Each structure stands twice: as C-alpha cells, then as structure tokens.
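Peer 1: A structural model of the following input is requested.
(2 chains)
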Amino acid sequence: MSAGKVIRIAILAMGGEGGGVLADWIVDLAEHNGYVAQLTSVPGVAQRTGATIYYLELFPESAIESGQAPVLALMPVPGDVDLVVASELMEAGRAIQRGIVTPDRTTLIASTGRVFAMSEKVPTSDARVDADALLQGCELAAKRFVGMDMARIASSSGSVISAAMFGAVAGADVLPFGRALFEATIERGGIGVAASKRAFSAAFAEATGDRAPPGPPSHPARSGGGPFAEIQAQLPGPVLEIVAVAVPRLVDYQDAGYARLYLDRILQTVGIDQRHGDGMFRLTAETARHLALGMAYEDAVRVADLKTRAARFARVASEVGVRDGQILQIAEFMHPRLQEIAECLPGTLGRFLLRNPLARRLVEALTTKGRIVRTTSLPGFLLLYALAGLKRFRRSSLRYAETQASLEAWLERLAGAARTDYALALEIAECRNLVKGYGDTHARGLASYDAILSSIERIRPAGTRATAVAALRQAALADDSGASLSAAIRKLSGTETVAT
Amino acid sequence: MAERSFAAEVQTLRLGDGDEFRGEGILAITKALLQSGVAYVGGYQGAPISHLMDVLADARPILEELGVHFESSASEATAAAMLAASVHYPMRGAVTFKSTVGTNVASDALANLASSGVEGGTLIIVGEDYGEGSSIMQERSHAFAMKSQIWLLDPRPNLSKIVECVEKGFELSEASNTPVMIEVRIRTCHLHGSFATKANRRPAYDMKMAANEPRRDSRRIVLPPASYQHEKEKIEKRWPAAVKFVQEHSLNEMFGGDVGEIGVIVQGGLYNTAMRALETLGLADAFGKARVPVYVLNVTYPLIDDEVVRFAAGKKAVLIVEEGQPEFIEQAIGTILRRADMQTRIHGKDMLPMAGEYTGSVMRDGFTKFVCAYCPELVPDAGKPAAGDNRLKTALARIDGQVHGRPPSFCTGCPERPLFTAMKLVERDLGQHHVSSDIGCHLFAILPPFNIGSATMGYGLGGAAASAWNGQGALKPDRRVVSVMGDGGFWHNGLTSSIGNAVFNRSDNVFIVVDNGYSAATGGQDIPSSQHSNDIRSTGNAIEKAVRGIGVGWARTVNPTYDLKRMMATLREALTTREAGPKVIVAQSECMLNRQRREKPLREQAIRAGKRMVRERFGVDADTCTGDRSCIRLSGCPSLTIAPHPDPLRKDPVTKVIDSCVGCGLCGEVAHAAVLCPSFYRASIVSNPTYWDRFKAQATAAIIGWLQRRRPVPA
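Peer 2: Numbering: from 1, shown residues only, chains lettered A, B, ... in the order given. The predicted structure follows:
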C-alpha cells in the first residue's frame, strides 16, 4: 500500500487472544513512523468469551497541514475499512456479516483455526458449523483473503496468537511499513520478545506464501491388507475403507476370531445390499462402522487396557506438553458401579450380583465414591493392568452376551427392513449411534435406541417410516433427559389414533 | 488488585504545561480533573468507567502529592452523596459511575444535591453504557439531567475537547451553582489519542480547611420552605446563569458549510461518527470540513434557545442526530422553533431509528434520506449498489447460519461454575427451583450450558427479587426459592435490601452469595470481603459474619467451591432443612482470573529459580471418549471444548481439554459426581523434580515399561 493515505483497520479477537496487544503494536508502529493513530474498542470486561472489536485509524502526518486535525471515527463503517484482522474463522464470518469486509477495498487476514461456540459444544449431536462455507465466504467477501491457522503457529512458537496476527499483517504487505519496523515494535514492547518474534516470522512466511498452509488432516486411505486380506479383498470400496480400520481394531480388542465374526456379519450385509441396494453399499458401510464400534464396546477391561498402554502415556505427555527434565504423573477419574462390575463377570455370577439384594447392597456400598487411579504409580498401574488381563474371559461375561444379542437383533432388524424399505434400513443402522458412552449415558442411549426400534411398527403409513425414524433420532439427541424423544413418540401414537 | 494495572500509564498524569499527552480517554479525564484543582474524587466501578476507577486507584501517590482525596465508594449513592462537600464549601469534587444503572442508584443523592445547589464545582462523570457491548437496559442519562436540572455535557470524542469540557464543566457548575454531568460513551473511554497538557493544580480550598471552619446555611438544605425556594432558584437564577456561561464560552460549536439550505444538529459524542458518515457520502473531508453546516451540542442540556434559532434561521430543514429515546432534544428544539415562529422543518427520528446505537452505517442511511429530500444533487450515487455488491451478497448467502453468537460465560477455572454444576445435579433429585439472579459474573448462569436463573432486578437485589415467596404459614411455598448474588452486589446493597429484608420478613428461602474476593465482573476491584490485605482499605470482612450479624441463623461457607460433593450436600441441606429463617450459603473461592494473574508470574519465577513446582491440568482420552458431551453441559469451561475425532470410525467430534486448562479440578469432580465416562485424566507436570522424584519415576517407569512390552499392541 502506498504511503500518504489514511488506513482504517478493524481487529476482531476474543478474550485472552491479545487483540489489545496487536492494536497497541499497530498504534506504536504507526506513531513511530510518521502517522497519527487513533484506537478505540469495546472491551469485554464482563464478556470474556465474546469477541471484541478494536478499531484503528492511521493518518499520515505528511497529509496534515498546520492547524488541521483529522476527525477520526470511533467505529468501522461498512465499505470504509482497509484491513480486517480476525483471530478466528467464525469471527471472520462475523466481520463479513457486519459489513466491514467489502470486495472493493478490504484485505481480510484471518486465523483459520476454530474456537467452538457454546452452541456447537453443548448439543449431544455434532453441531459444528461448516468451516468450508466460512472460508468460501472469506474468499468471496474480501478483496484479498489471507488465511492461516494462527493458533497453531502461536502454539508451535510458544507464543500467543497476537504475535502471529502481527506477522501475518506484516507478511500481507498491507501497511506502509517494512518488516524491520514491525520487528522493532515488538522489541520496544519488551515482553516475551523472542517468542513473539518466532510466531511473527512463521506467520510472515505463511502470509508471503513461503509455505503453503496445510490442508485438513486426512486419514491415510487403507487397503485391505492385514488379517483376512483375502476376505477383505471381496468387499466393495466404500465398505473396505471402514473394514480395514475395523478388523485390526477388533483383533486388538479381542482376537482374530472376533474379527472374523465381524467379517462374517458384514459379508451377510453385503449380500443383502447387493440384492436390495443401489450399488453404493451405503447400508453395509454404515453397518460396518456401527458394528465395529458396537463390538469394540468399552467395558472396564477395555478402558483399563487403553489407559495402560505405552502409546497412551506418550500421547498424554505430548498433549500436556511435558518437556525434558519434567516428570509426568497421570491420574484417572473412574467410577465403576455395580452395573459395570456385574457386566465384566461371567453371566451367571453377574446376574446373581444384579439380582441378589444382599450382594447388590454390599457392592453398591463399596462403589458410592469415584476413584482416582494413578496410572503412573505402581499400585494404580498394576490394578488396571490386571483388570485389562481379564480380556481372555470377556466372551463369558454378561455384557458380552447382552451386547452380542443386541447387535444380532439389530442386524436382523436391518436385514428385514432392507428387503422392503432400504431407506428405513439405513435409518435403523444409523440409530445404533445412539448407543454410546458409559453408565447413565449408555443406559439412556440404549433406552432411546430401544424406544425408537420398538415404535417403528406404529409409524403409519409405512412409507413414511424412514423419515419418521430420522426425526425420532434427532429428538433423542435434542436433550439428555429423553423428554423430546418421549414427546415425539407420544405424538406418534396420537397420529396413529387419528389415522385409524 | 484490579484486572488491569495502570501503574506505568499514570506517570503521564505528571505532565506539565505544554507537554503532549498520548493515551486513553480515561487517563485524559483523570489528567483534566487534576488540571482543574479537584479536591476529592469518588466513584463506583462498572463498564465503561471501571478503568477510570482503576486509573484513579493506581494514581494514588500522585493524588496524595496534590492533596486530592480519592475513595472507592460503597455504591453510586455513596459516591453521589460525597458531593455534599461542595454544597457549602468552594471545593471542587468529582464522582464517576456507570449509567444509567449507577445513576439510578445515585439518584436519591443527586436529586438532593441538585436541589441544594453547589458552591464548589461538582462533576458527575457518567459512563453511558448504551449500544454495542452494553450489559444493561438501554436507557438515557439525559432524563436524569432533565428531572433534577443537572447540566449535561456530551463532549466531542476528541481528547482535547473532553479535557476542555471537564475544565469548563467545573466553571459552569460554579457559575450556575448547579452540579454538572459529563457523559462519556464506551468507545470514548478507551479512545487512544493526544492533547496538550497543563500543569496540575492543588485544590484552592480543601477538606481540611472545610473541616476546620465548618459552615452551614439552612437555605441550602432540602427542607421546606427552602426546597420550594430551590425550585424557583433553579429556574430564575441557575438556568439563566448556565445559558449565559455556555454561550460566552462557546461550549457548543457551529461549523459552517457551503450548502446553506439544510443543517445537522448533533450530540457532541456522536460528532466523529457523523462526520465519517458524511465523508463516505462525499459531504465532508477527513478534517471535519463539511459541506452541510453542523451545530455540535457539547452541552445537550440545557439547550441554548438563541443558538438553536440562529442555526435554524434561513434553513429549509435541520436533521437532529440524537441517539436513544425518547427524543428529548428533538422535542425541545421543536418547542424552541415553534415559539420563535420559525418554519424550518425538523427531522430526526423520522429519518433515523428511534431505538438503538447510531453506528456509521445507520447515520449514513439517515443522512442519505435527509440530503435526498432537500438537495438530491449532492448525493448523486445514493441508492446505487456498491462495487462488488453481488460478490458480497454471495458471500453472505454462503455463510448464512454459520456464524453463531458468543454469549458471555464463565472464565476457565471459574469458581462459580461448580456452584451451578451442583445446582444442576441437585435439581435432578429435588426438581427445579425458581432462581432469582443478581448482577455480576454469576448472571452468566442464565445462558447455556447452565440455563439457571429467571430474573435480575438490580445490584444486590437478587434476594429482594425473591421476596414475593417470603410468605409464612399457608403462604409458604412448598418448594424453596433460591436467589444468587455476588459479593460485589452483597456489599453494594444486598446485605440490607436482600438478606436483611429476608431476616425481617422471616423468609424460609435459600440465598447464595458468591464470594470470589473481588468485584470481579467490573475488573477485579477490592471489596470489604477481599481476602488479601490492602494498604488503604479494610478487607477481610467475612460475609458469613455479616449475615449472622444481621440475624441469619443458618449460614454455611463452602470453601473451596470446587468440592462438588460438599457443595451439593450443602445445597441439598439448605433446600430441605427444617430450620426456619433464611438459609445463606457463602460459596467461597478466589476469582480464577485474578488468582492466575497473581500466581502465574510467581510460578514462572519459581521454575526459573529451580524450585520444584507442580502444574496440574486435565485431559480427555479420545479413544474412550464417545462424544456424548455431558461433561460440557455440566461445566461450559472454555478450556473444555471439542475437536474432530481421531478415530475414522466416529463422525461426532471428541471432547478435548486445551492447554488453557488451569487444573481447577471441576472436570474430575463432575466425572465422579455425575458418573460420567472414565476418559478424564489429571496430568501433574513436575518441574525441577528432586532426586527422589526422579529415582521413583525412573524405577516405576522401568517396571511399567517391562509389563507394557509383555502385551504387544498392534501399530
């Protein structure tokens, strides 16, 4: 951008992201280099997670005659902003909605990382917004869009997002100041200079195109290698992708025989799909996914196994950022209850425990409190390690029997539905997604699942069943009290009465 | 200890004659008070003037050097009452608070002050919390000025002008024996700019002189017959004196323009945005030279009839740019022009919206309508789509529905969160209760994920707002009502209006006081129950002691609040106990934001010094998390978020704890209390471990590693 022109800048940042630091840097940069700067904001003193807009105007001193003073505005006016910097992708979208990003004038610099809103985090189903749509919106609305994951740059530089934003502004070459002047500003600030400059440089490089921003991480496509390769080779493409992940998972979960049981079940579904499907094998793909998750259910044994693995220790160390010379201790928050204990026992014993009042009370008395198990200490590790060793007895456990029966019934239900109503079969497959979690969550999910499956017959006319089941599934996910689902099912009965 | 320290910035308050000040609006206002020879200052924090209080607190050494007394008032009413010192004595005083809520609280004292009249200049600096970012009901301070006849200044948002208005405000107050209110909007408070300074002045008359030579004049006390005389005096003496002063000192400004048929009358505070709107229409340059004449009301009450008539003379129409409602200025100008029998047409709320903030685009639209109606040739491009309009429309269509609001919520590790988690969990057994809320951070519980709280009636009035359920005998509700109030509200007004009232009326309900050690929502200012010592204020006054003192029998302090089990048990007991009278729970743990601000530098220093330090944070094992998110619904912590599931078989996102986690422990407590999944772990990271630490860790790791290798895991 040429010198000698007024520059109007809006910065959108959330609490704790250093929007104020960035704004102060730009003021300092401008004031040291021949500009009059005005800055104002509506700080979120009481609204720490909302976005704050910082608005700056830079006016070249050379353009001011003596006796004159520019009248600087206090808020961005749509169509009148040269540079918008957003610390987060949804905030960039908000800037567009506010009209301060316009195609004829505005350079938009935004971090493409997401900080999820409460409305995306709270629902029981996936409520994340469409990040691609936001990116496309940014490309369309701005004269020029510079996007990069600044949160990633900040964290890999050991700095904060404001330094990355400053680097991106410098790299995008939208202000009439060279890189050295930007860096001198950071030095004048005097706090965390080295880390800030690392983040600055990394973002500068990305903004100047020295490094292509990485695309979204993709799961490596896997072919049907590994166990039962010859069976897997018979599977259609979309199914194979899932099965290739599922088979090793189940071998690890139990043994090769268990994975074989999975494959046999899938082969049956493939047969059904070939007869009743449209050649896309959507039913088998969905079934393969949910069946794998259902068969690799998380009982106490599985949890203990996963928690005691070397790879898990390494993952935690990297996630919490343990450095050389530091020691990591891990403590697990577990709350095994009567139900979970009974499930791991052999069928008869488990049922006895659940039914005998005396035994029940005894175990319940021992499990009223949650336990903290220190996996990095020997007693804690040995406890879980021994528990994980019970894997060899899993096939005789109560939970195994119950789960297999439930899955078999589900598969039969699918197969039956597919013959007459393929769309309904797909929906029934998807319903299995409700069965997840532990304890109360698992019980609630299973209850919702059972409630939906047992009400299918009541849906009339039969042709509307697929749509109705989808709606019921949505209702089951609408809250965690089950109220919406009960209401939806009651309404179903009501309609039925009216119809008959 | 306030959220933001101005220790370095306050040094600019020492600047002398002809120096250049560069900084924020709140500092400029403080500097202007010192240049004016103010003798005493008080106030109560609250956006947008919280930081003004912080600046004054941090400037204490400078104020003391000058002989200026500053105190953090207990409430806005206290602050306004402080101005009584200027009724009889020629002492300059200033107070500041958030408006209109603070002005509501202060209005008892303000009305008495305005009736009495003042000898010394008194200034009431109100932070007008209107428009974007506002946290209160949308009203105008203008009404208070009119009802009590307090003059209202609304300076152009330009630091020189604001400083000038503070200085002239004192003079105006003295010339007209009337308190003066200065209204500053939120962006003005945080405006970074510059102005030429003058040397600070010691007060010509100070409180020591006043105390040593007490004066009284019963004609200045609001009691009949003096009070009747005050009203007459307001109209016959003070008002004309004010009008004369405003005119003689040209407090309002008129800027000419070459288009003489129309004109714009604008509140001073809106001037900059109005000029920018005119500039985007090509009707002004960047230096405020407009083609349309502009009359800037730096004094919005009283209006100066002569000036209004002079400006309107010869014009076909004027547009009045007045933010908020009712349109007091527009109505008054209508009366003035009518009385003068002038035919100039008045526009205002017919072309600009009646309600809501006047942003640049709102004003641009209003100006376009106005100019098009009288001089369409000035805006030939009006109505034409902007360049790139279609691209913008496509972009807007693409992102439609993808931008969610970000309602405020509790900070990471906030000690108030477990209180509401406990309420939600207890609710599962005892059913829902009516919950009355107050003002403060705890009010965020009304939003997701907690959705707790039904009303907020004012600061310290949470308990009072539950008074309808104080009935006894047959009128006693079957299910107790719960009210929540913060410690800030408690000391502001709650102790008497809420708790005292409950005791007196024998309420049987439950009252929760959140005791986080600060007036946290306004930026972490100290209050009487703050835990740490303060050199100049009395802290450490326990809330439980205060409520017992006022007659509460059942009172429990739960510390720390993170002990979810204890919090739930205490709540359950309060809701079910047979003991009569109000049940008060003090939920006590330090505000995490302030605690981190205090502890983090010390921790880092200790690590650098080689001391053994343990940092705790929580995490979630993705391979056992099934993405049900009960944990988020029971917490809502910003560090507890979601991420794409690393398992390709799972479509729903996984829960994730990000590095901002401060290890408050609530996640673990929730996992236990609500029997959630076993995915949560607590990681303790030991920096500078001792030899014993290292030996133990290495030995354990050797055995664990050997056992792990015995059970190979596929890659």
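Peer 1: next, the residue in the stretch 551-700 of chain B positioned nearest to chain A: secondary structure please.
Peer 2: Closest approach of the stretch 551-700 of chain B to chain A (Cβ to the nearest Cβ) occurs at residue B:672, with a separation of 2.8 Å. Any C-beta I mention is one placed from the backbone N, CA and C, and that applies to glycine too. Three-state assignment for residue B:672 (DSSP: H, G, I helix; E, B strand; the rest coil): helix.
Peer 1: just give the nearest non-adjacent residue to it, would you?
Peer 2: residue A:370 (2.8 Å; Cβ to Cβ, 6 or more residues apart in numbering or on different chains).
Peer 1: just residue B:376 next, same as before
Peer 2: Distances taken as Cβ to Cβ, 6+ apart place residue B:382 nearest to residue B:376, at 7.4 Å, with adjacent residues excluded.
Peer 1: run a quick neighbour tally on the residue of the stretch 1-150 of chain B found nearest chain A.
Peer 2: Proximity of the stretch 1-150 of chain B to chain A (Cβ to the nearest Cβ) peaks at residue B:133, 3.5 Å away. Summarising burial for residue B:133: neighbours were counted as other Cβ atoms under 10 Å in any protein chain shown, giving 21.
Peer 1: which non-adjacent residue is nearest it?
Peer 2: residue A:42 (3.5 Å).
Peer 1: just the pLDDT for that neighbour.
Peer 2: Per-residue pLDDT puts residue A:42 at 75.
Peer 1: with the one 4 residues further on instead?
Peer 2: With respect to pLDDT, residue A:46 has a value of 38.
Peer 1: check which helix or strand the residue nearest to residue B:376 maps to.
Peer 2: Counting by DSSP states H and E, no helix or strand carries residue B:382.
Peer 1: thinking the residue nearest to residue B:672 is in contact with residue A:337, fair?
Peer 2: No: the criterion here is Cβ atoms under 8 Å, and residue A:370 misses it with residue A:337 at 9.7 Å.
Peer 1: who's more crowded, those two?
Peer 2: Each of residue A:370 and residue A:337 has its neighbours counted (other Cβ under 10 Å); residue A:370 has more, 21 against 18.
Peer 1: before we move on, back to that, run a quick neighbour tally on the residue nearest to residue B:133.
Peer 2: 25.
Peer 1: now the helix ranked longest in chain A - C-alpha only, PDB.
Peer 2: The helix that spans the most residues within chain A, counting by DSSP state H, is helix A:398-420. As requested, C-alpha coordinates have been extracted for helix A:398-420 and formatted as PDB (Å, rounded to 0.1, in the frame of the first residue of the first chain):
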ATOM      1  CA  LEU A 398     -22.600 -60.800  31.000                       C
ATOM      2  CA  ARG A 399     -22.000 -57.700  28.900                       C
ATOM      3  CA  TYR A 400     -20.600 -59.800  26.000                       C
ATOM      4  CA  ALA A 401     -23.800 -61.900  25.900                       C
ATOM      5  CA  GLU A 402     -26.000 -58.800  26.100                       C
ATOM      6  CA  THR A 403     -24.100 -56.900  23.500                       C
ATOM      7  CA  GLN A 404     -24.000 -59.700  21.000                       C
ATOM      8  CA  ALA A 405     -27.700 -60.400  21.400                       C
ATOM      9  CA  SER A 406     -28.500 -56.700  20.900                       C
ATOM     10  CA  LEU A 407     -26.200 -56.400  17.900                       C
ATOM     11  CA  GLU A 408     -27.600 -59.600  16.300                       C
ATOM     12  CA  ALA A 409     -31.200 -58.300  16.800                       C
ATOM     13  CA  TRP A 410     -30.100 -55.100  15.200                       C
ATOM     14  CA  LEU A 411     -28.600 -56.900  12.200                       C
ATOM     15  CA  GLU A 412     -31.700 -59.000  11.800                       C
ATOM     16  CA  ARG A 413     -33.900 -55.900  12.000                       C
ATOM     17  CA  LEU A 414     -31.800 -54.200   9.300                       C
ATOM     18  CA  ALA A 415     -31.900 -57.200   7.100                       C
ATOM     19  CA  GLY A 416     -35.600 -57.500   7.500                       C
ATOM     20  CA  ALA A 417     -36.200 -53.800   6.700                       C
ATOM     21  CA  ALA A 418     -33.800 -53.800   3.700                       C
ATOM     22  CA  ARG A 419     -36.000 -56.300   1.900                       C
ATOM     23  CA  THR A 420     -38.900 -53.900   1.800                       C
END
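Peer 1: so what touches it?
Peer 2: By Cβ atoms under 8 Å, 6 or more residues apart in numbering or on different chains, the residues outside helix A:398-420 that reach it are A:265, A:268-269, A:272-273, A:276-277, A:283, A:287, A:291, A:294-295, A:297, A:299, A:342-347, A:350-351, A:394, A:424-425, A:428-429, A:432, A:435, A:446, A:453.
Peer 1: next step: these restricted to helices.
Peer 2: Reading helices off the contacts of helix A:398-420 with DSSP H, I get A:265, A:268-269, A:272-273, A:276, A:283, A:287, A:291, A:294-295, A:342-344, A:347, A:350-351, A:424-425, A:428-429, A:446, A:453.
Peer 1: mark which of these are buried, thanks.
Peer 2: Listed as buried from those are A:265, A:269, A:272-273, A:276, A:283, A:287, A:291, A:294-295, A:342-344, A:350, A:424-425, A:428-429, A:446, A:453; burial here means 16 or more other Cβ atoms under 10 Å in any protein chain shown.
Peer 1: contact residues of the stretch 101-250 of chain A facing chain B?
Peer 2: Proximity of the stretch 101-250 of chain A to chain B, by Cβ under 8 Å from any Cβ of the partner chain, involves residues A:102-104, A:115-126, A:128-130, A:133-134, A:136-138, A:140-141, A:143, A:155, A:217, A:219, A:242, A:245-246, A:248-249.
Peer 1: shaky segments in chain A?
Peer 2: Scanning chain A for pLDDT under 70 picks out A:1-4, A:43-50, A:210-226, A:493-500.
Peer 1: right, I mislabeled it, should have said the stretch 201-350 of chain B
Peer 2: In the stretch 201-350 of chain B (pLDDT under 70), no residue qualifies.
Peer 1: ok so, going back, what residues do residue A:370 and residue A:337 have in common as contacts?
Peer 2: residue B:675.
Peer 1: just give me how far the top helix by length along chain B sits from the chain centre.
Peer 2: For chain B, the longest helix by residue count, based on DSSP H, is helix B:691-710. Remark: helix B:691-710 is offset 54 Å from the chain centroid, using Cα atoms, centre = their mean, to the nearest Å.
Peer 1: contacts made by that helix with the rest, please.
Peer 2: Identification of contacts with helix B:691-710 by Cβ under 8 Å, 6+ apart yields A:308-310, A:327, A:376-378, A:381, A:385, B:612, B:686, B:689.
Peer 1: buried residues in that helix?
Peer 2: B:697, B:700-701, B:704, B:708.
Peer 1: average pLDDT across that helix?
Peer 2: 96.
Peer 1: which of the three states applies to the residue of the stretch 101-250 of chain A found nearest chain B?
Peer 2: In the stretch 101-250 of chain A, the residue that lies nearest chain B is residue A:103 (2.9 Å; Cβ to the nearest Cβ). Look at residue A:103: counting by three-state DSSP, its state is coil.
Peer 1: cool, the one 10 residues further on as well?
Peer 2: Here residue A:113 is recorded as coil under three-state DSSP.
Peer 1: may I have the longest strand along chain A as PDB, with CA atoms only?
Peer 2: Longest strand of chain A, by residue count under DSSP state E: strand A:51-60. What follows is strand A:51-60, C-alpha atoms only, in PDB (Å, rounded to 0.1, in the frame of the first residue of the first chain):
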ATOM      1  CA  ALA A  51     -15.300 -11.100  20.500                       C
ATOM      2  CA  THR A  52     -14.000  -7.600  21.000                       C
ATOM      3  CA  ILE A  53     -13.600  -5.200  18.000                       C
ATOM      4  CA  TYR A  54     -10.600  -2.900  18.100                       C
ATOM      5  CA  TYR A  55     -10.800  -0.100  15.600                       C
ATOM      6  CA  LEU A  56      -7.800   1.900  14.400                       C
ATOM      7  CA  GLU A  57      -7.300   4.800  12.100                       C
ATOM      8  CA  LEU A  58      -3.800   5.700  10.900                       C
ATOM      9  CA  PHE A  59      -3.400   9.100   9.300                       C
ATOM     10  CA  PRO A  60      -0.200  10.200   7.700                       C
END
